[in-house]
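Chemist: Let's see this in three dimensions:
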Amino acid sequence: MITLLLLIPIIGSMFLLLINEDELKMKQIALTTSLINLFISLFIWYQFDSNITQYQFVSDFSYLNLYHLNFGVDSISIYFVLLTTFVTPIALLSNYTTITNNLKFFLISFLILESLQICAFVSLDLLLFYIFFESVLPVLFIIIVIFGHGKDKFRSALLFFLYTLAGSLPMLLSILTIYSYIGSTDFQLISLYDISLDYQKVLWLGFFVALAVKTPLYPFIIWLPKAHADSVLAGSIILAATILKLATYGFLRVLINFLPDATHYFSPLVQTICIISIIYSSFSTIVQQDTKRLIAYSSIAHMAVVVLGLFSNTIQGIEGAILLSIAHGFVSPALFICVGGILYDRTHTRIIQNMRGLVVYMPVFTILFCIFTLANTGIPLSLNWLGEIMSLMGIWNESPLTAVLGASGIVLSAVYSLFLYNRLSYGSYHPSLQPLKDIDRREFFLLLSLLIPTFLLGIFPNVILDTLHMSVASLLYEVPSYGPTIL
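Modeler: A predicted model of the protein is given here:
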């Protein structure tokens, strides 16, 4: 099943290469391919046994000892795979009518991007994880350069590429160090070895720099708002929903799992960085005048809360961080669709001062925009609220002061989210705007498809939580605890 999940986007891309000039058929093939992958991932989730912590649906590929590919899922990675397969068709539909030039290349790029992301989430080898972790960079770089908008789109794409590539080089050095001593980069084999604290510290720093850039955490945040602002809408959706989650998955799979002693040692540093990221990005969000930049800065604050939960060393905190990651994968794309798709397509501007009083001509849009704005602030019944509360309650057990400072992000998110909504939706209608058409059927169902899981999973979170307990419990560590060391 994992093999099908990886190969179907590639097969769909090959079909697209055979079609010339028929734009409607190309769109249908790409959308059908992504939906088939979604159904396969749902079937894997349905068949998944959450009572064991071992990897399941394992696929092993090797040829004459030249290469060895090992893929599988556990109860943590399955939800990141589901998020990827769920968001990809939404990303394709978000630009369904706006992309006309190089359409074939656009569709193939996103199908390949889906396959690469799934490979990163299901890889059972550290070196493979790094390869697929980095392989999304050139695809996204090309998407921003070719299909993005704005005078600085090349600079934004280059900044994104160089930041994340340079940040990942220490991770590669750490992986090579592990291989030189253990002789393998297989996840299960690495987990059998105890690494001394001194070596764990060095390896941990190499991995952390790469993951902090991808999250991003302060001070490695400058690339994200620029990439979002100049990217095509589908690129912003994928970047917010799943690309940032590669770092979340890396924290869970590598740092906490393989380097627990160093994780405990550096936890105060991580908590400090997260608090700075939350407060700095929240205040930066309030003063933004570009709507896409505003949503991008808000993502930094939410992802910092995720990292706080991950480093709480509690079941409650880690599960809350996973829930908040999934919730962010729903709400942030919805807000990008609202401001970077629906409003931008009608007004051709993202400057907040150039829009107001939208409720006059767009009442349905205003209602949906209000709901997602409230979800972004973490209102009860939303998955965002549950994820934030569990993350902060988890870190409370580690450091009450950190939890209090982290909770300031909830207040600040309400400030910038409601401030944005109020300025766009109410007041006298802006005189420079023509009467705007309310959302059409495609836009309504796009937002509805993101709205339903946000609140359905917020009301029934045990659908996810019941399957996470075993795997998350295995990530908890006791410090100090040293056995025979290999390094």
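Chemist: any idea of the pLDDT on Tyr218?
Modeler: pLDDT recorded at Tyr218 is 88.
Chemist: any idea what sits nearest it, other than its immediate chain neighbours?
Modeler: Once flanking residues are discounted, Tyr218 sits nearest to Ser277: 4.2 Å by Cβ to Cβ, 6 or more residues apart in numbering. Using the backbone N, CA and C atoms, a C-beta is placed for each residue, glycine as well.
Chemist: Tell me who's in contact with that neighbour.
Modeler: Ser277 makes contact with 217-218, 221, 300-301, 303-304, according to Cβ atoms under 8 Å, 6 or more residues apart in numbering.
Chemist: which among those residues gets closest to Pro461?
Modeler: Among the contacts of Ser277, Met303 lies closest to Pro461 (Cβ to Cβ), at 19.7 Å.
Chemist: does the closest one sit in a helix, a strand or a coil?
Modeler: On the three-state scheme (DSSP: H, G, I helix; E, B strand; the rest coil), Met303 is labelled helix.
Chemist: quick one, strands of this structure?
Modeler: For the chain, the strands defined by DSSP state E cover 56-63, 67-73.
Chemist: mind listing what's buried in the longest one?
Modeler: Which is strand 56-63. Going by neighbour count (16 or more other Cβ atoms under 10 Å), the buried part of strand 56-63 is 56-57, 59.
Chemist: want to try JSON lines for those residues, with pLDDT and distance to Arg293 as columns?
Modeler: Below are the buried residues of strand 56-63 laid out as JSON lines (pLDDT from 0 to 100; distance: Cβ to Cβ, whole Å):
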{"residue": "Gln56", "pLDDT": "87", "distance to Arg293": "41"}
{"residue": "Phe57", "pLDDT": "86", "distance to Arg293": "40"}
{"residue": "Ser59", "pLDDT": "81", "distance to Arg293": "41"}
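Chemist: Can I get these in a markdown table including distance to Ile108?
Modeler: As requested, those are exported to a markdown table (distance: Cβ to Cβ, whole Å):
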| residue | distance to Ile108 |
| --- | --- |
| Gln56 | 30 |
| Phe57 | 26 |
| Ser59 | 24 |
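Chemist: By mean pLDDT, which helix or strand of this protein comes out lowest?
Modeler: Within the chain, confidence by mean pLDDT, DSSP states H and E is lowest for strand 56-63 among all helices and strands, at a mean of 78.
Chemist: ok, and for the longest helix along the chain, which residues are buried?
Modeler: Longest helix in the chain by number of residues (criterion: DSSP state H): helix 153-182. Of the residues in helix 153-182, 153, 156-161, 163-164, 167-168, 170-172, 174-175, 178, 182 count as buried by neighbour count, 16+ other Cβ under 10 Å.
Chemist: May I have the residues that are in contact with the closest residue to Tyr79 other than its chain neighbours?
Modeler: Spatial nearest neighbour of Tyr79, excluding adjacent residues (Cβ to Cβ, 6+ apart): Ile326 at 6.1 Å. When contacts are counted by Cβ under 8 Å, 6+ apart, Ile326 is found next to 79, 83, 383, 387, 457, 464.
Chemist: Next step: these restricted to helices.
Modeler: Going by DSSP H, the helices hold 79, 83, 383, 387, 457, 464 from the contacts of Ile326.
Chemist: May I see these arranged in TSV, with pLDDT and distance to Asp22 as well?
Modeler: As requested, these are exported to TSV (pLDDT from 0 to 100; distance: Cβ to Cβ, whole Å):
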residue	pLDDT	distance to Asp22
Tyr79	93	36
Leu83	94	31
Leu383	93	39
Gly387	92	43
Leu457	93	38
Ile464	91	40
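Chemist: can you tell me which of those residues lies nearest to Phe330?
Modeler: Of the ones in helices among the contacts of Ile326, the one sitting nearest to Phe330 (Cβ to Cβ) turns out to be Leu383, at 7.1 Å.
Chemist: Any idea how many residues pack against that closest one?
Modeler: By other Cβ atoms under 10 Å, the residues close to Leu383 number 27.
Chemist: That one and Phe86, how far apart?
Modeler: Computed as Cβ to Cβ, to the nearest Å, the Leu383 to Phe86 distance reads 13 Å.
Chemist: Would you mind grabbing the residues shared as contacts by those two?
Modeler: Pro453.
Chemist: coming back round to it: so for the residue nearest to Tyr218, what's the pLDDT?
Modeler: We have a pLDDT of 92 for Ser277.
Chemist: what's the pLDDT at Ala120?
Modeler: Ala120 is given a pLDDT of 91.
Chemist: For it, which residues are in contact?
Modeler: 129, 132-133, 135-136, 246, 249.
Chemist: Same question for Ala240.
Modeler: 228, 295-296, 299, 328-329, 332-333, 336.
Chemist: distance of it from Leu269?
Modeler: 26 Å.
Chemist: measure Asn95 to Ser449 for me?
Modeler: 16 Å.
Chemist: Name the residue in the two with the higher neighbour count.
Modeler: Neighbour count, other Cβ under 10 Å: between Asn95 and Ser449, Asn95 has more, with 21 against 16.
Chemist: for the more buried one, phi and psi?
Modeler: The phi and psi torsions at Asn95 (degrees, to the nearest 10) take the values phi -110, psi 30.
Chemist: Pretty sure Val232 is one of the things it touches, is it not?
Modeler: Yes. Using Cβ atoms under 8 Å, Asn95 makes contact with Val232 at a distance of 6.2 Å.
Chemist: So for these two, which residues contact both of them?
Modeler: Contacts common to Asn95 and Val232, judged by Cβ under 8 Å, 6+ apart, are Phe147.
Chemist: Could you point out which residue ranges in this structure have low pLDDT?
Modeler: For the chain, applying pLDDT under 70 flags the ranges 62-67, 478-487.
Chemist: go again using 50 as the cut-off
Modeler: 481-487 (pLDDT under 50).
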